[in-house]
Structures are given as C-alpha cells and as structure tokens.
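Chemist: Build me a model:
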Amino acid sequence: MATYALNQHGMSVDASCAKYDMPFVNGHLSLYDDSDVQISQCPSCEGKIKSPQCCGAYISCKI
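Modeler: You can find the predicted model right below:
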C-alpha cells in the first residue's frame, strides 16, 4: 500500500480504493501549464486523488 508521509510532523496516510479494496498506485497528472502533479489512482476504477497536504505542504509518497 502506498504510504504518504510528512517527516516534519510525523504524519502519514495510507491510501486505498474503498470500492474495490485495492491500494492506489502512483501516477502523474499533466496540467494545462505543462507541469506535473503527483497523484494516486485505483488500478481498477481509475479514480484519482492528488497527494494530501498537511499545513500547506504536500505529503510525499515513499517510493
């Protein structure tokens, strides 16, 4: 399961799809300004979430 962690606060999040009970996989979403945003998505339904935030900082994924 992908775990997102923010070392500054010791906060972490496990992300999975509740509908299919499957862990999300890492991916990237290309934005209109040609920048990329890290996302997590379900391999079954292709639902997507952007990386969570804590205190205005993105919580990064351990790879």
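
Chemist: When you work out contacts or count neighbours from here on, use the C-alpha atoms and nothing else.
Modeler: Fine.

Chemist: Which phi and psi values does residue 36 adopt?
Modeler: Backbone torsions of residue 36, given as degrees, to the nearest 10, read phi -110, psi 150.

Chemist: How many neighbouring residues does residue 29 have?
Modeler: Using other C-alpha atoms under 10 Å, residue 29 has 14 neighbouring residues.

Chemist: If I follow the layout properly, it ends up in contact with residue 40?
Modeler: No - assessed by C-alpha atoms under 8 Å, residue 29 is found out of contact with residue 40, at 9.5 Å.

Chemist: where in this protein is pLDDT low?
Modeler: For the chain, applying pLDDT under 70 flags the ranges 1-9, 11, 51-63.

Chemist: where along it do the strands fall?
Modeler: For the chain, applying DSSP state E gives strands covering 3-6, 11-14, 16-17, 22-23, 25-30, 36-41, 48-50, 53-54, 57-58, 60-61.

Chemist: Just the buried residues of the second one, please?
Modeler: Okay, so that is strand 11-14. Across strand 11-14, burial judged by 16 or more other C-alpha atoms under 10 Å covers residue 12.

Chemist: Right, I'll call it a day here.
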